[in-house]
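> what's the 3D shape of this:
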Amino acid sequence: AGHDACQISHIAPTGMIFIPCEGGLSHDEAENTTPEQVVAGADVLLNAVVASAGYLQT
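Numbering: from 1, shown residues only. Take a look at the predicted model:
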């Protein structure tokens, strides 16, 4: 994920949102994230987009 943000950052602001996986597993076949954590991450994204829109309008 970081390598993608690094490349895009040359042409646009970037950010990354991380949500926890059960048991701390990441990049593993046993990785699992609860729907509640996905919703929480989506809420962070929504709030960031709304905040950015307000920033761009002023």
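
> any idea whether the residue nearest the centre of the chain is helix, strand or coil?
The residue lying closest to the centre of the chain (CA atoms, centre = their mean) is I17, at 2.3 Å. Secondary structure assignment for I17 (DSSP: H, G, I helix; E, B strand; the rest coil): coil.

> For it, give its distance to E29.
Distance, I17 to E29, by CB to CB, to the nearest Å: 23 Å. Quick note: C-beta positions are derived from backbone N, CA and C, even for glycine.

> Could you do A40 as well?
Counting by CB to CB - A40 and E29 are separated by 23 Å.

> With F18 instead?
19 Å.

> the more surrounded of the two?
Per other CB atoms under 10 Å, whichever of F18 and E29 has more neighbours is F18, with 9 against 6.

> need the contact list for that one.
G41 (CB atoms under 8 Å, 6 or more residues apart in numbering).

> could you pull out the helices for this structure?
2-8, 35-57 (DSSP state H).

> what about the ones you listed, which gets the closest to E22?
Closest to E22 of these, according to CB to CB: helix 35-57, at 8.7 Å.

> gap between that closest one and the chain center?
9 Å (CA atoms, centre = their mean, to the nearest Å).

> Start at 20, not 1
With the count now opening at 20, the last piece we talked about shows up as helix 54-76.

> Contacts for that helix, please.
By CB under 8 Å, 6+ apart, the list of residues contacting helix 54-76 reads G34, I36, F37, I38, P39.

> Redo those residues as CSV? Include pLDDT and distance to T52.
Formatted as CSV, these follow (pLDDT from 0 to 100; distance: CB to CB, whole Å):
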residue, pLDDT, distance to T52
G34, 87, 19
I36, 92, 12
F37, 92, 10
I38, 93, 6
P39, 93, 7
